[in-house]
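In: Got a sequence here, can you build the structure:
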Amino acid sequence: MEVAIRKMGNSQGVLIPKPILAQLGLEGTADLQVRDGVIEIRAVRRNPREGWADDARRVAEHGDDALVWPEVANEGDADLVW
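Out: Modelled structure (predicted):
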C-alpha cells in the first residue's frame with residue numbers, strides 16, 4: 001500500500017488506516033525501530049506475568065488458594081536431607 005508522508009509540526013508522519021491498526025492489535029503506544037533500512041512498528045511487549053503477584057495476594061485474601069490436588073509424596077521422602 002502506498003501512503004503519503006505528511007508534515008506534522010516539525011516532524012513528518014504516515015497515517016496508518018484503522019483496519020491495519022486493529023489487525024495488528026496496536027492501540028495507544030507502539031514499539032518503533034529501524035532494522036536494515038526498514039521501519040518496524042510493533043505492539044509493545046508486556047510482561048506476560050504482569051499483575052500475577054497482585055492476583056495471587058487477592059486470591060489468598062479470599063482463602064481461595066487451597067490445594068486442588070492432595071500433596072503427593074514418595075516413599076522415603078522424610079529421610080532425605082536438604
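
In: Kindly state the beta-bridge partners for residue 8.
Out: residue 11 (DSSP bridges).

In: Can you get me a residue count around it?
Out: Other residues near residue 8 come to 10 when the count uses other C-beta atoms under 10 Å. C-beta here means a position set from N, CA and C on the backbone, and glycine is covered the same way.

In: what's the average pLDDT for stretch 75-82?
Out: Averaging pLDDT along stretch 75-82 yields 87.

In: Need the CA coordinates for it. CSV is fine.
Out: The C-alpha trace of stretch 75-82 is given here as CSV (Å, rounded to 0.1, in the frame of the first residue of the first chain):
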residue,chain,number,x,y,z
GLU,A,75,8.2,-43.3,50.0
GLY,A,76,11.4,-42.3,51.8
ASP,A,77,10.9,-38.5,51.3
ALA,A,78,11.0,-37.9,55.1
ASP,A,79,14.6,-39.5,55.2
LEU,A,80,16.0,-37.0,52.7
VAL,A,81,18.4,-34.3,54.0
TRP,A,82,18.1,-31.0,52.2
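
In: quick one: buried residues of it?
Out: The neighbour-count check on stretch 75-82 (16 or more other C-beta atoms under 10 Å) flags nothing as buried.

In: gap between the two ends of stretch 58-75?
Out: 35 Å (C-alpha to C-alpha, to the nearest Å).

In: Give me the contact list for that stretch.
Out: For stretch 58-75, the external contacting residues (C-beta atoms under 8 Å, 6 or more residues apart in numbering) are residue 56.

In: Pull the distance from it to the chain's centre.
Out: Put simply, stretch 58-75 sits 28 Å off its chain's centre (C-alpha atoms, centre = their mean, to the nearest Å).

In: before we move on, what about stretch 30-47?
Out: The gap between the average C-alpha position of stretch 30-47 and the chain average comes to 14 Å, counting by C-alpha atoms, centre = their mean.

In: measure that stretch end to end?
Out: In stretch 30-47, first residue to last residue: 15 Å (C-alpha to C-alpha).

In: quick one: contacts of it?
Out: By C-beta under 8 Å, 6+ apart, the list of residues contacting stretch 30-47 reads 16, 24, 25, 26, 29.
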